[in-house]
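Trainee: no sequence for this one, just the structure:
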């Protein structure tokens, strides 16, 4: 397992799921300058394992939440994924919104499902 991500220019990655795996993938893509979109139905990740420490260490509770919009900016889309259309290479969100590589138009290049 190397530390570099090898992705061709012009590729946009869509990561579905903002749990431990989704955050790790998004952080790696962000640090390598790879265009990506993280999709999760929640607005933040709550680090449950840190909850016990937060109960005894003053000020630690705020560190158990990772707000997606603050962390990933415009690379985060809040929504519930209802379907993936492999032919169109699109992620369909609740309400019929279609998420693709270039926003809401073309298909994605790589899809990472971390549910």
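Mentor: Yep, it's here. What you are looking at is a predicted structure, and each value in this text was computed from that prediction instead of being measured.

Trainee: And residue 23, which helix or strand is it part of?
Mentor: In the assignment (DSSP states H and E), residue 23 maps to helix 20-31.

Trainee: Which neighbouring elements make contact with the helix or strand just after that helix?
Mentor: Where DSSP H and E defines the elements, the next helix or strand beyond helix 20-31 is strand 36-40. With contacts taken as 3 or more C-beta pairs under 8 Å, 6 or more residues apart in numbering; DSSP states H and E, strand 36-40 sits against strand 13-16, helix 20-31, helix 68-72, strand 76-78. Every residue, glycine included, has its C-beta placed from N, CA and C.

Trainee: Contacts for the last one next, please.
Mentor: Around strand 76-78, the neighbours that count as contacts under C-beta atoms under 8 Å, 6 or more residues apart in numbering are 37, 38, 39, 40, 41, 42, 43, 68, 69, 93, 99.

Trainee: continuing past it, what's the next helix or strand?
Mentor: Assigned by DSSP H and E, the successor of strand 76-78 is strand 81-85.

Trainee: buried set for that next one?
Mentor: Residues 81, 84 are the ones in strand 81-85 that count as buried (16 or more other C-beta atoms under 10 Å).

Trainee: What distance do you get for residue 70 to residue 43?
Mentor: 10 Å (C-beta to C-beta, to the nearest Å).

Trainee: and if you look at residue 20?
Mentor: 17 Å.

Trainee: Next, name the residue at the spatial heart of this structure.
Mentor: residue 38 (2.4 Å; C-alpha atoms, centre = their mean).

Trainee: Which residues are in contact with the spatially closest residue to residue 79 that is not a sequence neighbour?
Mentor: Closest residue to residue 79 apart from its sequence neighbours, by C-beta to C-beta, 6 or more residues apart in numbering: residue 93 at 3.8 Å. Counting by C-beta under 8 Å, 6+ apart, residue 93 touches 39, 77, 79, 80, 81, 82, 99.
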